[in-house]
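Participant: pasting the structure only:
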């Protein structure tokens, strides 16, 4: 092994493993249980021993990947801020894209949300999501109202995702279809964006 | 009628055990882990064997009691409908009393909410709570909007309760004080009760 490039190649290998794992989670419908360490090693072109060396356990590796994946969602929220002028449209499309992301990565999303709700802490993924929503809300909202609205939107996205199997029955929205998701969140955003707040 | 009186006393004993357990959960800050089967037997004046005979396990008994306790909350929601005319006031005081109840029974509430979110089903406690909120909402809301608003309110109550330890930091509301709870839910109800919907 070339000694001078050891540090670089160490970071490279970690990235390669994270990238391979994230890809495999994606093709496994977001279910980390269906991704074996053997498959990760094969996909990343490294040995199982090297994965254990860098991440100590599969659980630890999955945790790192979940954080990466969640950061991608948050990035999509920020992206919307740049390309859409109307704050309501921006919030709507950001919300729909986050919900769609959760649906496409159901197991990862469930692990992340339930764990954040059960053991809340300041660095939780949910806190980052909350802050991303907060930054997307229009300035028209007063400070306190803005925080409450962001929290209500995040709570609704998370709960609706978790209980989507009974949403058709309870809410009359089929959250398994794009049409149902758009229609549901159209109402959610409409309720939060009162004439009062948009006219501020 | 020997058989008849056997059945009656059987139901009586079950009720006595449920009542004793519910009381003990209440005096243990809503934490079923702190209630021993020995204490239940003593408080109900029955043997441990009889408890196991009727409920098979402490977990099963706790489950029955949690449902009872949650039904009390739902009753308080309905009660508010009778004594308060203004729908916004009714919703506000109902919401505050539910949140206060959750805070006073934190372990039971956490078990119930996290379990409903993780494994949603039609007979979940959360579904009953959702329907109670729905029946409290004013008729001014259109059908779809009403369901979405009820769901948003329930999601917000549940999430706010679960993440209350970081609420001060994230939301600037101290959800451990009555003042903080009232102030937070004042904003929540204000956001849901838009001029648009109340003027319908």
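Facilitator: Here it is on my side, so go on. Owing to the predicted nature of the structure, the values given are computational and were not obtained by experimental measurement. Numbers count the residues shown, from 1 in each chain, chains lettered A, B, ... in the order given.
Participant: Have a look at chain A and report the helix or strand with the lowest mean pLDDT.
Facilitator: Across the helices and strands of chain A, mean pLDDT, DSSP states H and E gives its lowest value to helix A:195-198, namely a mean of 42.
Participant: Now do the helices in chain A.
Facilitator: With helices called from DSSP state H, chain A shows them at A:6-27, A:37-44, A:48-55, A:58-83, A:87-104, A:106-118, A:125-136, A:143-162, A:164-171, A:178-192, A:195-198.
Participant: can you put those helices in a markdown table and add mean neighbour count and distance to residue B:160?
Facilitator: Heads up, the C-betas are built off the backbone N, CA and C, glycines and all. Shown next, in a markdown table, are those (neighbours: other Cβ atoms under 10 Å in any protein chain shown; distance: least, Cβ to Cβ, whole Å):
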| stretch | mean neighbour count | distance to residue B:160 |
| --- | --- | --- |
| helix A:6-27 | 16 | 30 |
| helix A:37-44 | 17 | 38 |
| helix A:48-55 | 16 | 35 |
| helix A:58-83 | 16 | 21 |
| helix A:87-104 | 19 | 19 |
| helix A:106-118 | 20 | 11 |
| helix A:125-136 | 19 | 12 |
| helix A:143-162 | 23 | 7 |
| helix A:164-171 | 18 | 20 |
| helix A:178-192 | 19 | 16 |
| helix A:195-198 | 14 | 20 |
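Participant: Any chance of CSV for those, columns distance to chain B?
Facilitator: Compiled in CSV, the helices of chain A are given as follows (distance: least, Cβ to the nearest Cβ, whole Å):
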stretch, distance to chain B
helix A:6-27, 20
helix A:37-44, 26
helix A:48-55, 26
helix A:58-83, 16
helix A:87-104, 12
helix A:106-118, 5
helix A:125-136, 6
helix A:143-162, 4
helix A:164-171, 5
helix A:178-192, 4
helix A:195-198, 6
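Participant: which ones are touching residue A:20?
Facilitator: Contacts here follow Cβ atoms under 8 Å, 6 or more residues apart in numbering or on different chains; on that basis residue A:20 touches A:40, A:43, A:44.
Participant: Would you mind giving the domain segments of chain A?
Facilitator: A:3-12+A:18-56, A:69-198 (automatic domain parsing).
Participant: Excluding residues flanking it in the chain, which one is nearest the most centrally placed residue in chain A?
Facilitator: By Cα atoms, centre = their mean, chain A has its centre lying nearest to residue A:70, at 3.5 Å. Spatially, and ignoring its direct neighbours in sequence, residue A:70 is nearest to residue A:125 (4.4 Å; Cβ to Cβ, 6 or more residues apart in numbering or on different chains).
Participant: got the contact list for the one you found?
Facilitator: Going by Cβ under 8 Å, 6+ apart, residue A:125 touches A:66, A:67, A:70, A:112, A:116.
Participant: so the last one makes contact with residue A:130?
Facilitator: In other words, residue A:116. No - counting by Cβ atoms under 8 Å, residue A:116 sits too far from residue A:130 to count as a contact (9.9 Å).
Participant: which phi and psi does residue A:45 have?
Facilitator: Main-chain torsions, residue A:45, degrees, to the nearest 10: phi 70, psi 30.
Participant: pLDDT score for it?
Facilitator: Here the pLDDT value assigned to residue A:45 is 94.
Participant: residues near it, how many?
Facilitator: Residue A:45: 10 surrounding residues under other Cβ atoms under 10 Å in any protein chain shown.
Participant: Could you report the distance from it to chain B?
Facilitator: Between residue A:45 and chain B the distance is 37 Å, computed by Cβ to the nearest Cβ, to the nearest Å.
Participant: which ones are touching that residue?
Facilitator: Neighbouring residues of residue A:45 by Cβ under 8 Å, 6+ apart: residue A:16.
Participant: any idea how far residue A:183 is from the closest residue to residue A:92 other than its chain neighbours?
Facilitator: In space, and not counting its chain neighbours, residue A:92 is closest to residue A:189: 4.9 Å by Cβ to Cβ, 6+ apart. Here the criterion is Cβ to Cβ, to the nearest Å. By it, residue A:189 lies 11 Å from residue A:183.
Participant: List phi and psi for residue A:86.
Facilitator: Note on residue A:86: its backbone torsions stand at phi -70, psi 120 [degrees, to the nearest 10].
Participant: That one and chain B, how far apart?
Facilitator: For residue A:86, the distance to chain B equals 18 Å [Cβ to the nearest Cβ].
Participant: Mind pulling the model confidence for that residue?
Facilitator: 79.
Participant: so where is chain A shaky, pLDDT-wise?
Facilitator: The model of chain A has pLDDT under 70 over residues A:1-8, A:30, A:76-84, A:194-200.
Participant: ok, the closest residue to residue A:127 other than its chain neighbours - contacts?
Facilitator: Among residues not flanking residue A:127 along the chain, residue B:170 sits closest, at 6.5 Å (Cβ to Cβ, 6+ apart). Counting by Cβ under 8 Å, 6+ apart, residue B:170 touches A:127, A:130, A:147, A:151, B:163.
Participant: The last one is in contact with residue A:118, isn't it?
Facilitator: No - with the criterion set as Cβ under 8 Å, residue B:163 and residue A:118 do not qualify as a contacting pair; they are 9.8 Å apart.
Participant: Neighbours of residue A:33, how many?
Facilitator: Residues within reach of residue A:33, counting by other Cβ under 10 Å, total 10.
Participant: How about the contacts made by it?
Facilitator: The contact partners of residue A:33, by Cβ under 8 Å, 6+ apart, come to residue A:107.
Participant: Pull up the gap between it and residue A:62, please.
Facilitator: Per Cβ to Cβ, residue A:33 is found 9 Å from residue A:62.
Participant: what does residue A:130 give?
Facilitator: Distance of residue A:130 to residue A:62, computed by Cβ to Cβ: 23 Å.
Participant: next one: residue A:127
Facilitator: 20 Å.
Participant: before we move on, the earlier item: now tabulate the contacts of residue A:20 in a markdown table and tack on distance to residue B:174.
Facilitator: A markdown table is the format used below for these (distance: Cβ to Cβ, whole Å):
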| residue | distance to residue B:174 |
| --- | --- |
| A:40 | 44 |
| A:43 | 48 |
| A:44 | 47 |
